[in-house]
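Q: just coords:
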Ligand SMILES: Nc1ncnc2c1ncn2[C@@H]1O[C@H](COP(=O)(O)OP(=O)(O)OP(=O)(O)O)[C@@H](O)[C@H]1O
């Protein structure tokens, strides 16, 4: 699904990613943890093609394609999805129109006919049920005046609609309460299958208890310095990051 090799990236003259190596196979769920400022959000931004970051070295292959050479919108059309730490509000654009444009752009990219109004509404209804999104929210402007939890549910709804193959959920510091965490976790669990993969960026062991990743990575100073199973998240919760920092700095 995804193979990242020796990825280096910077913003301005500050190097943030300093050689990331990460392999994600179909059907796997990976968690990325790490102290504040270690580069977690930067990694997700670079993978989806945020132009603010410059890749200076390394490679990223996504289902056999050179991810770094693809335009950001094509990465999305190819099935990459990023859920933001802080979802944006788009006043005046209804969720329905927003999703219809997104779905039909993706269909066009794959040489498919656009969905007509009734096909689209049927899909909306189906997916709303999966993530238990209130129909009133679906008819309002994108995220406008939504509570934090409603924005999260809405993002998971967008994910359900777009059927990504690789989802990156950046939940670091997003201040999720227990209910919002459950929404994210249930959404990920319901939408996961053997052909999709997920990267969850989080500080919360609670979220990982619900999502159960097979791999937990620790990012520190722009590198993945430790990889283990879900027990690592528990250990970090109990012991913090200092011991991992010491191990990494001592090398
Ligand atoms: N636009 C920017 N301009 C300057 N520095 C930036 C910019 N974006 C990120 N950085 C810096 O890059 C480093 C890594 O930031 P990043 O947001 O990737 O960390 P993070 O691991 O996601 O942190 P957190 O856990 O606090 O969300 C930080 O030192 C940050 O200040």
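A: Happy to help now that I have it. From a predicted model like this one, the values you see are computed outputs, not experimental measurements.
Q: measure residue 77 to residue 68 for me?
A: Separation of residue 77 from residue 68 (Cβ to Cβ, to the nearest Å): 16 Å. (C-beta placed from N, C-alpha, C; glycine too.)
Q: tally of neighbours for the closest residue to residue 41 other than its chain neighbours?
A: In this structure, residue 41 finds its nearest non-sequential neighbour in residue 170, 5.7 Å apart by Cβ to Cβ, 6 or more residues apart in numbering. By the measure other Cβ atoms under 10 Å, the count of residues near residue 170 is 22.
Q: Quick check: phi and psi at residue 170.
A: For residue 170, the backbone dihedrals (degrees, to the nearest 10) come out as phi -100, psi 100.
Q: That one and the ligand, how far apart?
A: When distance is defined by Cβ to the nearest ligand atom, to the nearest Å, residue 170 is 7 Å away from the ligand.
Q: do the same with residue 13
A: Separation of residue 13 from the ligand (Cβ to the nearest ligand atom): 10 Å.
Q: So which residues of this protein form strands?
A: 2-11, 14-24, 29-33, 54-62, 65-66, 80-83, 90-94, 141-142, 166-170, 197-201, 215-220, 223-228 (DSSP state E).
Q: can I get those strands in JSON lines with distance to residue 118 and mean pLDDT?
A: As requested, the strands of the chain are arranged in JSON lines below (distance: least, Cβ to Cβ, whole Å; pLDDT from 0 to 100):
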{"stretch": "strand 2-11", "distance to residue 118": "36", "mean pLDDT": "97"}
{"stretch": "strand 14-24", "distance to residue 118": "37", "mean pLDDT": "97"}
{"stretch": "strand 29-33", "distance to residue 118": "35", "mean pLDDT": "96"}
{"stretch": "strand 54-62", "distance to residue 118": "34", "mean pLDDT": "97"}
{"stretch": "strand 65-66", "distance to residue 118": "34", "mean pLDDT": "96"}
{"stretch": "strand 80-83", "distance to residue 118": "26", "mean pLDDT": "89"}
{"stretch": "strand 90-94", "distance to residue 118": "17", "mean pLDDT": "78"}
{"stretch": "strand 141-142", "distance to residue 118": "22", "mean pLDDT": "80"}
{"stretch": "strand 166-170", "distance to residue 118": "28", "mean pLDDT": "92"}
{"stretch": "strand 197-201", "distance to residue 118": "32", "mean pLDDT": "94"}
{"stretch": "strand 215-220", "distance to residue 118": "42", "mean pLDDT": "97"}
{"stretch": "strand 223-228", "distance to residue 118": "47", "mean pLDDT": "96"}
